[in-house]
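>>> next comes the sequence, and after it the predicted model I'd like to discuss.
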Amino acid sequence: MTTNLPSPSREKGKGKQPTTSHDEHDIELPREMNEEQRKAAEAEARKRSFERSLAGPSVGKAGLLRDQTEVNRIIAEASKGSKYYVNQVKKDQELTEKIAWYRAKRDELMKMAQVDRLEADADRILMEVEATRDLTQFIVHVDMDAFYASVEVQRDPSLKGKPFGVGQGVLTTASYEARKFGCRSGMAGFIAKKLCPEIILTKLNFDLYIAASKAVREVLIQYDENLMMASLDEGYLNITPYMSTHNMTAAQVIAQLRADVEEKTKLTISAGIAPNRMLAKICSDKNKPNGQYELPFDRATITKFMRDLPVRKIPGFGRVTERCLEGLGVETCGDIYTHRAELLVMDHWFGFRGLCKAYLGIADNNVAPGKREERKSVGVERTFRDKTDDEDILNELAEIAEELEKDLERLQYSGKTVTVKYKLHTFENKTRAKSVGKYISTSKDILPIAQELLKRELPIRIRLLGIRLSTLKDLTVQDKGIRGFLSSPGKKRNRDSTDNDAGPSRQNTPGEDVPEMVRLQAEETEIYDLTGEDEDGEFVNSDGEVNLSRRRIDTDHNRSRSRSGTPSTKVFGKRKSPSPGQHLLGPVCPICGKHLGPGTSNQDLNDHIDWCLNKDAISEASKKSPEREKKRVKQEKDRPGAGAGAAVKKKNGGGMLDWLKRG
């Protein structure tokens, strides 16, 4: 049976070894080389790969006219001797050893495997993934062009046409004139000056960036009310309904959208149009700045588009993933098919289905605002020059706790787990956490826990400090527990009325939630920084970490979703009021939500709650208990006139629950 799977045109023959690229040391070298040539090639590849890792995640960004290898060399030379450089050497060596282990494991597994059978299994999985392709939705990724730099030009027109960067210690973004020389977001100011001696470094103006983002958002939401913002300067839209309503093509809609944004904000925007979010994000970078690119909506074109795409271009594939895959011979998405047997045996470490989706260009096409329940934590971090004084560090911790309290109050969350994070002067990250028995949200409760965790580590020399609160409780949701049940209905209604008046909805204040929008900045970490992002939202400096004066952390369940801390209109600032007459039906069980009848006594209610909480254990125990015990429980449940909790009423010393305790 034949399959219709797309395959790379540059198919590598079986047994042929992949060749190394000009700047990577992790890729296997041709066997035709003699030992001396091989060592020299490996040394050169290792050097160039390390230099590329020092250059950070913005390598290959739009606007660069200088040779990237030369840029990487200058950055490496400028970083030599620093603690950061030493730390990167250590991390690079660890990654090299990990890649060597992956290769050895692959070779070991392939010796025992049947290649033909593996390839057949891989083809079957590819067909299953292919069956999920959806070409019915027109998804758009919009990305502001050098957003913060453009806002700065509006503030100071004299900057127009000049190479400048936003941020003085570390750049949050750079103008396109500076990008030509290799300057980019997350780069230290002194390195930017090495690359471009004429560069001008400006101060950050948070309020201007937030206001500009709000103005852009007000335009975008007219095209899709379910706009999914991924950061202050980028977002996703589904324009399929708009196209149908206005009888326009996707290209026409986006051309109009871009014109509207420029007219109303004086800022330019680039866009990518594709069947899903992954492809749309890749396409938005094709015609930057101030352009748009539409990927044809047919399977053959999409698979051809993906075939020669470097794996690093896939959103979420960072430098570590790139190097590990290249260590197995996978440089482009097309190589995933070529090496499908090897990748399948390494499924435990690399996730074969995810790689299949990258190869086929298949991803999620759902566009919707972020949900409050997706938030996993709220936190604040600060980066500064090295601190060694204990009192100074603890004062910084207190200020961070107060700032976190304000965020929790504004976002309406409390939590149970406090985590203190700090980065040593050697660039090593450390975390210490402690959980408490109740939900907390004030500095008064958070700070003592954070101090307890940090004092154990003193004395230390740090350059970053932060506090994060997790195991969250959403305070905008009505408490369904026993406390919520016992609350007075009248008080609930009064509180609901007040909340509705005080809590603005998303439509009333379109930009209110903008400061809480965050996005992915590194492979395993979601970061939001109040200082803003560059056009791809990446704030990381060369060590892969944000290095700005102040930032907030917001870890979400799904990193591709909007990280907005503000809920949708249906949730924010509103609690669902009890329906009229609800309590006329008697008490409601806070566990199962069942109305227990107007004649239910407190004892009946308590028994019923006990039953709900323990029914699984009771059911399991009943399988092992004597037959008469099961009959007695059944009789108690079926007894005429019994209250709601009759099934577990105490009898002869407590009944089933006491029997369980005794057991």
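Perfect, thanks for sending it.
>>> surely Ala341 touches Leu109?
No - Ala341 sits out of contact with Leu109 when judged by CB atoms under 8 Å, with a separation of 10.0 Å. C-beta coordinates here come from the backbone N, C-alpha and C atoms, glycine included.
>>> Ile200: neighbouring residues, count only.
For Ile200, the tally of surrounding residues (other CB atoms under 10 Å) stands at 16.
>>> thought it was touching Val166?
No - counting by CB under 8 Å, Val166 is not a contact partner of Ile200; they are 10.0 Å apart.
>>> so Ala341 and Leu109 - more neighbours on which side?
Ala341 (20 against 15).
>>> the more buried one and Lys111: what is the separation?
According to CB to CB, to the nearest Å, Ala341 and Lys111 sit 13 Å apart.
>>> overlap in contacts, those two.
Between them, Ala341 and Lys111 share no contacting residue under CB atoms under 8 Å, 6 or more residues apart in numbering.
>>> once you drop chain neighbours, what's closest to Thr265?
Once flanking residues are discounted, Thr265 sits nearest to Ala215: 4.8 Å by CB to CB, 6 or more residues apart in numbering.
>>> pLDDT wise, what is that neighbour at?
With respect to pLDDT, Ala215 has a value of 95.
>>> mind listing what's buried in the host helix or strand of it?
Ala215 belongs to helix 206-220 when elements are defined using DSSP states H and E. Within helix 206-220, the residues that count as buried by 16 or more other CB atoms under 10 Å are 209-210, 212-217, 219-220.
>>> just give me the closest of the residues you listed to Leu118.
Of all the buried residues of helix 206-220, Leu220 has the smallest distance to Leu118: 45.9 Å, by CB to CB.
>>> neighbours around the closest residue to the closest one other than its chain neighbours, how many?
Nearest residue to Leu220 in three dimensions, chain neighbours excluded: Leu227, at 5.3 Å (CB to CB, 6+ apart). Using other CB under 10 Å, Leu227 has 21 other residues around it.
>>> follow-up on the earlier one: and the helix holding Ala215, what does it pack onto?
On a contact count with 3 or more CB pairs under 8 Å, 6 or more residues apart in numbering; DSSP states H and E, helix 206-220 meets helix 147-155, strand 234-238, helix 250-265.
>>> can I get the ones you listed in CSV with distance to Ala78?
Shown next, in CSV, are the helices and strands packed on helix 206-220 (distance: least, CB to CB, whole Å):
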stretch, distance to Ala78
helix 147-155, 22
strand 234-238, 30
helix 250-265, 36
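>>> comparing these, which comes out most buried?
strand 234-238 (a mean of 25; mean count of other CB atoms under 10 Å).
>>> list the helices and strands it packs on?
strand 139-144, helix 206-220, strand 228-231, helix 277-284.
>>> who does it pair up with?
strand 139-144 (antiparallel), strand 228-231 (antiparallel) (DSSP bridges).
>>> where in this structure is pLDDT low?
Low-confidence segments of the chain, defined by pLDDT under 70, span residues 1-32, 51-66, 479-588, 590-599, 601-603, 605-606, 609-663.
>>> which helix of it spans the most residues?
The longest helix of the chain (DSSP state H) is helix 83-112.
>>> can you mark which positions in that helix are buried?
Quick answer for helix 83-112 (16+ other CB under 10 Å): 83-85, 87-88, 91-92, 95-96, 99, 102-103, 106.
>>> show me what it is packed against.
Short answer (3+ CB pairs under 8 Å, 6+ apart): helix 83-112 packs on helix 35-54, helix 319-327, helix 340-345.
>>> excluding sequence neighbours, find me the nearest residue to Gly399.
Just so we're on the same page, residue 399 is Glu rather than Gly. Leaving aside its chain neighbours, Glu399 sits nearest to Arg382 (8.0 Å; criterion: CB to CB, 6+ apart).
>>> quick check: bridge partners of the one you found?
Leu465.
>>> Glu396 is in contact with that one, correct?
Yes - the criterion here is CB under 8 Å, and Arg382 meets it with Glu396 at 6.7 Å.
>>> between those two, what contacts are shared?
By CB under 8 Å, 6+ apart, the residues touching both Arg382 and Glu396 are Leu465.
>>> which of the helices and strands packed on helix 206-220 sits closest to Cys196?
Among these, helix 147-155 comes nearest to Cys196, with 13.6 Å by CB to CB.
>>> paired strands for the helix or strand just after that closest one, with orientation please.
Using DSSP H and E, the next helix or strand after helix 147-155 towards the C-terminus is strand 164-166. Using DSSP bridges, strand 164-166 pairs in its sheet with strand 173-174 (antiparallel), strand 200-202 (parallel).
>>> phi first, then psi, for Lys423.
Torsion angles at Lys423 (phi, psi; degrees, to the nearest 10) stand at phi -120, psi 130.
>>> actually Lys421, not the one I wrote
Backbone phi and psi, for Lys421 under degrees, to the nearest 10, turn out to be phi -120, psi 140.
>>> burial measure for it, as a count.
Counted by other CB under 10 Å, the residues lying close to Lys421 total 18.
>>> give me the beta-bridge partners of it?
Under the criterion used (DSSP bridges), Lys421 bridges to Thr431, Gly466.
>>> start at 10, not 1
Okay, residue one is now 10; in that scheme the one you just asked about reads as Lys430.
>>> I'd say it and Ala459 touch.
No - using CB under 8 Å, Lys430 makes no contact with Ala459, being 10.3 Å away.
>>> which residues do those two both contact?
Shared contacts of Lys430 and Ala459, defined by CB under 8 Å, 6+ apart, comprise Ile476.
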